[in-house]
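Novice: Need the 3D shape of this:
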Amino acid sequence: MPTSKSTEVDYTKSKLNDGAWHTVVWEFQGNEMVATVDDKDMALARVDGLSMERSHLELNTAGGPSALFKDVKVWKGVADDKWPQKRAQLMALLKKKDKPAGK
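Specialist: This next block holds a predicted model:
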């Protein structure tokens, strides 16, 4: 759409061209978001000025062939008061994942 704005805030590479269905969970709280694929690959980002007001959902794919989406569910949840502790755990996991082997 002419007014749409795309900003890459984080990414993780996943090999998903295996013909199987995968589960993606994308969560927002305030100006932070975390996306997971099959509970193993994860991207975590913070976007200043992120608004929770949305009138539509747009799912795009980058590079390669197109993707099929089924059973898409969108809901409003209650903020988890344990998010600061969970965020710290996720950050530690990301640092461990990014650390070169043998170090």
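Novice: make it CA atoms for all contacts and neighbour counts henceforth
Specialist: Fine.
Novice: Not counting its neighbours along the chain, what's nearest residue 47?
Specialist: Nearest in space to residue 47, with sequence neighbours left out and distances taken as Cα to Cα, 6 or more residues apart in numbering, is residue 31 at 5.3 Å.
Novice: That neighbour - how many residues pack around it?
Specialist: Residue 31: 13 surrounding residues under other Cα atoms under 10 Å.
Novice: isn't it right up against residue 46?
Specialist: Yes - taking Cα atoms under 8 Å as the definition, residue 31 is a contact partner of residue 46 at 5.6 Å.
Novice: ok, which stretches of the protein are strands?
Specialist: Shown for the chain, the strands assigned by DSSP state E span residues 24-29, 32-37, 41-46.
Novice: any idea how far residue 72 is from residue 32?
Specialist: 21 Å (Cα to Cα, to the nearest Å).
Novice: between these two, who's got more neighbours?
Specialist: Shown here are residue 72 and residue 32; by other Cα under 10 Å, residue 32 has more neighbours (14 against 7).
Novice: Tally up the residues packed near residue 78, please.
Specialist: The burial count for residue 78: 7, using other Cα under 10 Å.
Novice: nope, residue 45 is what I meant
Specialist: 14.
Novice: May I have the beta-bridge partners of it?
Specialist: Taking DSSP bridges, one finds residue 33 as the beta-bridge partners of residue 45.
Novice: and residue 50, what pLDDT?
Specialist: Here the pLDDT value assigned to residue 50 is 71.
Novice: looking at it, it is touching residue 33, isn't it?
Specialist: No - between residue 50 and residue 33 there is no contact under Cα under 8 Å: 9.8 Å.
Novice: which one of these two has more residues nearby?
Specialist: More neighbours surround residue 33 than the other of residue 50 and residue 33, with 18 against 13 (other Cα under 10 Å).
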